[in-house]
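Chemist: Curious how this folds, go ahead:
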Amino acid sequence: MSNSSTTCSPPAPGEAREGSFRVAAIQMSAGPNVNGNLEEATRLLAIAASQGAKLAALPEYFCLMGMKDADRVAARERINSGPIQQFLSSIAKRLGIWLVGGSVPLESSSPDKVRNSCLVYDDKGQQVARYDKIHLFGLELGNERYAEEETIEAGCGVVALDSPFGRIGLSICYDLRFPELYRSMGQVDIIFAPAAFTATTGRAHWETLIRARAIENLAYVVAPAQGGYHINGRETHGDSMIVDPWGVVLDRLPRGSGVVIADVNREYQASLRNSLPALNHRTLHHC
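Modeler: As a prediction, this is how the structure comes out:
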(Lines give C-alpha, C1' and ligand atoms only; values in the text may rest on other atoms or scores of the structure.)
Protein backbone atom coordinates (compact mmCIF):
# COMPACT_ATOMS: atom_id res chain seq x y z
CA MET A 1 0.00 0.00 0.00
CA SER A 2 1.39 3.40 -0.97
CA ASN A 3 0.80 5.83 1.86
CA SER A 4 2.71 8.51 3.72
CA SER A 5 2.41 6.50 6.93
CA THR A 6 4.36 3.55 5.55
CA THR A 7 7.56 5.35 4.64
CA CYS A 8 10.51 5.12 7.00
CA SER A 9 11.93 8.47 5.89
CA PRO A 10 10.84 11.67 7.66
CA PRO A 11 8.53 14.02 5.77
CA ALA A 12 9.94 17.16 4.21
CA PRO A 13 9.42 20.43 6.09
CA GLY A 14 6.13 22.17 5.41
CA GLU A 15 2.50 21.24 5.67
CA ALA A 16 1.41 17.65 6.18
CA ARG A 17 -0.01 15.83 3.19
CA GLU A 18 -3.74 15.98 2.51
CA GLY A 19 -5.76 13.73 4.79
CA SER A 20 -3.08 13.71 7.49
CA PHE A 21 -1.52 15.90 10.12
CA ARG A 22 1.98 16.21 11.46
CA VAL A 23 3.13 15.16 14.93
CA ALA A 24 6.50 15.73 16.60
CA ALA A 25 8.45 14.07 19.39
CA ILE A 26 11.10 16.18 21.09
CA GLN A 27 14.33 14.57 22.29
CA MET A 28 16.42 16.27 24.97
CA SER A 29 19.31 15.66 27.31
CA ALA A 30 18.02 17.71 30.23
CA GLY A 31 20.10 18.92 33.17
CA PRO A 32 19.56 20.35 36.65
CA ASN A 33 18.76 23.91 35.53
CA VAL A 34 15.03 24.32 34.93
CA ASN A 35 15.33 27.59 33.00
CA GLY A 36 17.99 26.14 30.72
CA ASN A 37 15.83 23.11 30.00
CA LEU A 38 12.82 25.30 29.19
CA GLU A 39 14.93 27.35 26.78
CA GLU A 40 16.03 24.19 24.99
CA ALA A 41 12.45 22.93 24.87
CA THR A 42 11.38 26.27 23.37
CA ARG A 43 14.02 26.00 20.64
CA LEU A 44 13.05 22.47 19.70
CA LEU A 45 9.29 23.06 19.79
CA ALA A 46 9.74 26.07 17.51
CA ILE A 47 11.56 23.82 15.02
CA ALA A 48 8.73 21.29 15.20
CA ALA A 49 6.10 23.97 14.60
CA SER A 50 8.08 25.44 11.70
CA GLN A 51 8.02 21.99 10.07
CA GLY A 52 4.25 21.84 10.26
CA ALA A 53 3.67 19.91 13.51
CA LYS A 54 0.22 20.56 14.99
CA LEU A 55 0.72 18.15 17.88
CA ALA A 56 4.01 17.81 19.77
CA ALA A 57 5.31 16.03 22.84
CA LEU A 58 8.21 16.59 25.23
CA PRO A 59 10.07 13.78 27.03
CA GLU A 60 9.69 12.70 30.62
CA TYR A 61 11.59 15.02 33.02
CA PHE A 62 12.05 17.56 30.19
CA CYS A 63 12.11 20.33 32.79
CA LEU A 64 14.57 18.76 35.25
CA MET A 65 17.09 15.96 35.46
CA GLY A 66 18.43 16.84 38.88
CA MET A 67 21.71 15.97 40.54
CA LYS A 68 19.70 13.77 42.93
CA ASP A 69 16.16 12.40 42.89
CA ALA A 70 15.06 14.70 45.70
CA ASP A 71 15.62 17.69 43.41
CA ARG A 72 12.30 16.94 41.71
CA VAL A 73 10.57 17.35 45.07
CA ALA A 74 12.13 20.78 45.54
CA ALA A 75 10.91 21.81 42.08
CA ARG A 76 7.34 20.56 42.45
CA GLU A 77 4.44 22.84 41.61
CA ARG A 78 0.81 23.18 42.59
CA ILE A 79 -1.60 22.31 39.82
CA ASN A 80 -2.18 25.28 37.49
CA SER A 81 0.55 27.27 39.21
CA GLY A 82 4.28 27.63 38.64
CA PRO A 83 6.82 28.43 35.92
CA ILE A 84 6.89 24.98 34.29
CA GLN A 85 3.13 24.85 33.76
CA GLN A 86 3.10 28.48 32.66
CA PHE A 87 5.76 27.65 30.11
CA LEU A 88 3.75 24.76 28.67
CA SER A 89 0.61 26.87 28.41
CA SER A 90 2.31 29.88 26.84
CA ILE A 91 4.41 27.96 24.31
CA ALA A 92 1.41 25.91 23.14
CA LYS A 93 -0.59 29.11 22.62
CA ARG A 94 2.28 31.01 20.98
CA LEU A 95 3.08 28.23 18.52
CA GLY A 96 -0.56 27.28 17.96
CA ILE A 97 0.03 23.59 18.75
CA TRP A 98 -1.40 20.95 21.03
CA LEU A 99 1.34 20.03 23.48
CA VAL A 100 1.87 16.89 25.52
CA GLY A 101 4.08 18.14 28.32
CA GLY A 102 6.25 15.10 29.02
CA SER A 103 6.15 15.03 32.79
CA VAL A 104 5.99 17.76 35.41
CA PRO A 105 6.62 17.35 39.17
CA LEU A 106 3.36 18.24 40.90
CA GLU A 107 2.40 18.28 44.56
CA SER A 108 1.34 14.99 46.11
CA SER A 109 -0.25 14.00 49.41
CA SER A 110 3.24 13.46 50.85
CA PRO A 111 5.63 16.36 51.54
CA ASP A 112 8.65 14.36 50.35
CA LYS A 113 7.17 13.05 47.10
CA VAL A 114 5.72 14.36 43.84
CA ARG A 115 3.24 13.20 41.27
CA ASN A 116 5.04 12.65 37.95
CA SER A 117 2.35 14.19 35.76
CA CYS A 118 1.87 14.38 32.01
CA LEU A 119 -0.08 17.55 31.20
CA VAL A 120 -1.77 18.23 27.87
CA TYR A 121 -2.46 21.74 26.55
CA ASP A 122 -4.53 22.75 23.56
CA ASP A 123 -3.54 25.36 21.00
CA LYS A 124 -5.16 28.10 23.10
CA GLY A 125 -2.91 27.25 26.04
CA GLN A 126 -5.63 25.59 28.10
CA GLN A 127 -4.80 22.47 30.09
CA VAL A 128 -7.14 19.74 28.85
CA ALA A 129 -5.76 16.58 30.52
CA ARG A 130 -3.54 15.34 33.32
CA TYR A 131 -2.14 11.85 33.75
CA ASP A 132 -0.15 10.85 36.84
CA LYS A 133 2.37 8.07 36.19
CA ILE A 134 0.98 4.82 37.55
CA HIS A 135 3.90 2.39 37.29
CA LEU A 136 7.02 3.51 39.16
CA PHE A 137 10.38 2.34 37.85
CA GLY A 138 12.62 0.22 40.00
CA LEU A 139 15.85 -1.49 38.94
CA GLU A 140 18.82 -3.07 40.68
CA LEU A 141 21.23 -4.35 38.06
CA GLY A 142 24.97 -4.30 38.56
CA ASN A 143 25.94 -0.79 39.67
CA GLU A 144 22.60 0.69 38.64
CA ARG A 145 19.85 1.34 41.15
CA TYR A 146 16.62 3.21 40.58
CA ALA A 147 13.68 3.49 42.96
CA GLU A 148 11.13 6.04 41.81
CA GLU A 149 8.79 5.09 44.65
CA GLU A 150 11.14 6.88 47.08
CA THR A 151 10.31 10.32 45.62
CA ILE A 152 7.20 9.75 43.47
CA GLU A 153 3.64 9.00 44.53
CA ALA A 154 1.95 6.70 42.02
CA GLY A 155 -1.17 7.75 40.20
CA CYS A 156 -4.14 5.44 39.81
CA GLY A 157 -6.26 6.83 36.98
CA VAL A 158 -6.11 5.79 33.33
CA VAL A 159 -6.40 8.83 31.04
CA ALA A 160 -7.57 9.05 27.44
CA LEU A 161 -9.00 12.17 25.83
CA ASP A 162 -10.72 13.23 22.65
CA SER A 163 -8.91 15.79 20.51
CA PRO A 164 -9.02 17.19 16.98
CA PHE A 165 -6.44 14.52 16.15
CA GLY A 166 -8.45 11.56 17.38
CA ARG A 167 -8.57 9.85 20.74
CA ILE A 168 -5.29 10.15 22.66
CA GLY A 169 -4.00 7.80 25.36
CA LEU A 170 -1.43 8.99 27.90
CA SER A 171 1.38 7.02 29.51
CA ILE A 172 4.88 7.63 30.83
CA CYS A 173 8.07 5.58 30.37
CA TYR A 174 7.89 2.45 32.58
CA ASP A 175 4.18 2.17 31.76
CA LEU A 176 5.27 0.71 28.41
CA ARG A 177 5.92 -2.61 30.14
CA PHE A 178 2.29 -2.98 31.22
CA PRO A 179 0.08 -3.62 28.17
CA GLU A 180 -3.04 -3.87 30.31
CA LEU A 181 -2.83 -0.11 30.87
CA TYR A 182 -3.31 0.53 27.16
CA ARG A 183 -6.11 -2.02 26.88
CA SER A 184 -7.94 -0.24 29.70
CA MET A 185 -7.89 3.02 27.70
CA GLY A 186 -10.38 1.60 25.23
CA GLN A 187 -9.76 2.22 21.55
CA VAL A 188 -7.28 5.07 21.14
CA ASP A 189 -5.78 6.43 17.94
CA ILE A 190 -2.53 7.89 19.24
CA ILE A 191 -0.56 6.75 22.29
CA PHE A 192 1.99 9.04 23.89
CA ALA A 193 4.85 7.56 25.90
CA PRO A 194 7.29 10.29 27.01
CA ALA A 195 10.26 8.57 28.59
CA ALA A 196 13.70 8.67 30.17
CA PHE A 197 14.70 5.04 29.63
CA THR A 198 18.08 4.02 30.99
CA ALA A 199 20.72 3.13 28.44
CA THR A 200 20.78 -0.46 29.73
CA THR A 201 17.07 -1.21 29.54
CA GLY A 202 16.63 0.93 26.45
CA ARG A 203 19.13 -1.03 24.39
CA ALA A 204 17.36 -4.24 25.33
CA HIS A 205 13.68 -3.36 25.17
CA TRP A 206 12.77 0.20 24.10
CA GLU A 207 12.00 -0.30 20.40
CA THR A 208 10.37 -3.68 20.99
CA LEU A 209 7.99 -2.28 23.60
CA ILE A 210 6.99 0.73 21.52
CA ARG A 211 6.36 -1.27 18.37
CA ALA A 212 4.44 -3.90 20.32
CA ARG A 213 2.12 -1.27 21.83
CA ALA A 214 1.53 0.17 18.35
CA ILE A 215 0.82 -3.20 16.74
CA GLU A 216 -1.46 -4.61 19.42
CA ASN A 217 -3.54 -1.42 19.62
CA LEU A 218 -3.35 -0.59 15.90
CA ALA A 219 -2.40 2.89 17.07
CA TYR A 220 0.28 5.45 16.36
CA VAL A 221 2.80 5.64 19.20
CA VAL A 222 4.71 8.86 19.82
CA ALA A 223 7.67 8.29 22.14
CA PRO A 224 9.79 11.37 22.97
CA ALA A 225 12.78 10.49 25.12
CA GLN A 226 15.74 11.77 27.04
CA GLY A 227 18.83 10.79 25.09
CA GLY A 228 22.46 11.15 26.07
CA TYR A 229 24.75 11.77 29.02
CA HIS A 230 23.45 13.97 31.83
CA ILE A 231 25.36 16.16 34.28
CA ASN A 232 24.20 13.94 37.15
CA GLY A 233 26.10 10.99 35.63
CA ARG A 234 23.06 9.23 34.26
CA GLU A 235 22.93 7.97 30.68
CA THR A 236 19.57 7.74 28.94
CA HIS A 237 18.86 5.69 25.85
CA GLY A 238 17.26 8.23 23.53
CA ASP A 239 16.04 6.79 20.21
CA SER A 240 12.87 8.88 20.27
CA MET A 241 10.53 7.54 17.63
CA ILE A 242 7.12 7.71 16.03
CA VAL A 243 5.64 4.35 15.04
CA ASP A 244 2.60 3.72 12.86
CA PRO A 245 -0.24 1.23 13.59
CA TRP A 246 1.49 -1.47 11.52
CA GLY A 247 4.61 -1.22 13.66
CA VAL A 248 6.66 0.75 11.11
CA VAL A 249 9.12 3.27 12.56
CA LEU A 250 8.35 6.49 10.67
CA ASP A 251 11.14 8.60 12.14
CA ARG A 252 13.65 8.31 14.96
CA LEU A 253 16.63 10.08 16.54
CA PRO A 254 19.28 7.86 18.17
CA ARG A 255 21.02 10.43 20.41
CA GLY A 256 21.16 14.07 21.40
CA SER A 257 18.69 16.94 21.21
CA GLY A 258 16.41 17.18 18.21
CA VAL A 259 13.01 16.73 16.65
CA VAL A 260 11.40 13.53 15.38
CA ILE A 261 8.51 14.24 13.02
CA ALA A 262 6.02 12.24 10.96
CA ASP A 263 2.59 12.40 9.36
CA VAL A 264 -0.34 10.68 11.04
CA ASN A 265 -2.87 9.43 8.50
CA ARG A 266 -6.18 8.50 10.09
CA GLU A 267 -7.58 7.06 6.84
CA TYR A 268 -4.67 4.65 6.66
CA GLN A 269 -5.24 3.72 10.29
CA ALA A 270 -8.93 3.10 9.64
CA SER A 271 -8.10 0.90 6.65
CA LEU A 272 -5.76 -1.21 8.77
CA ARG A 273 -8.39 -1.61 11.48
CA ASN A 274 -10.94 -2.65 8.88
CA SER A 275 -8.56 -5.13 7.24
CA LEU A 276 -7.36 -6.59 10.55
CA PRO A 277 -10.12 -5.97 13.13
CA ALA A 278 -8.10 -7.45 15.99
CA LEU A 279 -9.51 -4.90 18.45
CA ASN A 280 -12.98 -6.34 17.75
CA HIS A 281 -11.75 -9.93 18.02
CA ARG A 282 -10.83 -9.70 21.69
CA THR A 283 -12.67 -12.36 23.69
CA LEU A 284 -11.09 -12.67 27.15
CA HIS A 285 -12.81 -9.52 28.40
CA HIS A 286 -16.16 -11.19 27.68
CA CYS A 287 -15.39 -14.37 29.64
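Chemist: which stretches of the stretch 1-150 of the chain form strands?
Modeler: Under the criterion DSSP state E, counting those that start in this stretch, strands of the stretch 1-150 of the chain are mapped to 20-27, 53-57, 98-100, 104-107, 114-121, 127-132, 138-141, 144-147.
Chemist: could you dump these to TSV with distance to residue 243?
Modeler: C-beta: built from backbone N, CA, C; applies to glycine. Below are those laid out as TSV (distance: least, CB to CB, whole Å):
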stretch	distance to residue 243
strand 20-27	10
strand 53-57	13
strand 98-100	16
strand 104-107	25
strand 114-121	19
strand 127-132	20
strand 138-141	24
strand 144-147	25
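Chemist: okay, and for the stretch 101-250 of the chain, where does confidence drop off?
Modeler: Within the stretch 101-250 of the chain, no range satisfies pLDDT under 70.
Chemist: The same query, at a cut-off of 80, please.
Modeler: Applying pLDDT under 80 to the stretch 101-250 of the chain picks out residues 139-140, 144-147.
Chemist: Could you count how many residues lie near residue 68?
Modeler: 11 (other CB atoms under 10 Å).
Chemist: need the contact list for it.
Modeler: residue 232 (CB atoms under 8 Å, 6 or more residues apart in numbering).
Chemist: mind checking how far it is from residue 230?
Modeler: 12 Å (CB to CB, to the nearest Å).
Chemist: Where is the longest helix in the chain?
Modeler: When the chain is parsed with DSSP state H, its longest helix is helix 34-50.
Chemist: tell me the average confidence for it?
Modeler: The average pLDDT for helix 34-50 rounds to 98.
Chemist: ok, which stretches of the stretch 101-250 of the chain are helices?
Modeler: 179-183, 199-201, 207-217 (DSSP state H, counting those that start in this stretch).
Chemist: Deepest-packed of the ones you listed, please.
Modeler: helix 207-217 (a mean of 20; mean count of other CB atoms under 10 Å).
Chemist: could you list every residue that touches the residue nearest to the spatial centre of the chain?
Modeler: By CA atoms, centre = their mean, the mean C-alpha position of the chain lies nearest to residue 194, the distance being 2.5 Å. Taking CB under 8 Å, 6+ apart, we find residue 194 in contact with 57-60, 62, 100, 102-103, 118, 172-173, 223-225.
Chemist: filter these to the buried ones?
Modeler: Buried positions within the contacts of residue 194, assessed by neighbour count (16 or more other CB atoms under 10 Å), are 57-60, 62, 100, 102-103, 118, 172-173, 223-225.
Chemist: returning to what we had before: can you lay out the helices of the stretch 101-250 of the chain as TSV showing distance to residue 265?
Modeler: Output for the helices of the stretch 101-250 of the chain, formatted as TSV (distance: least, CB to CB, whole Å):
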stretch	distance to residue 265
helix 179-183	21
helix 199-201	31
helix 207-217	14
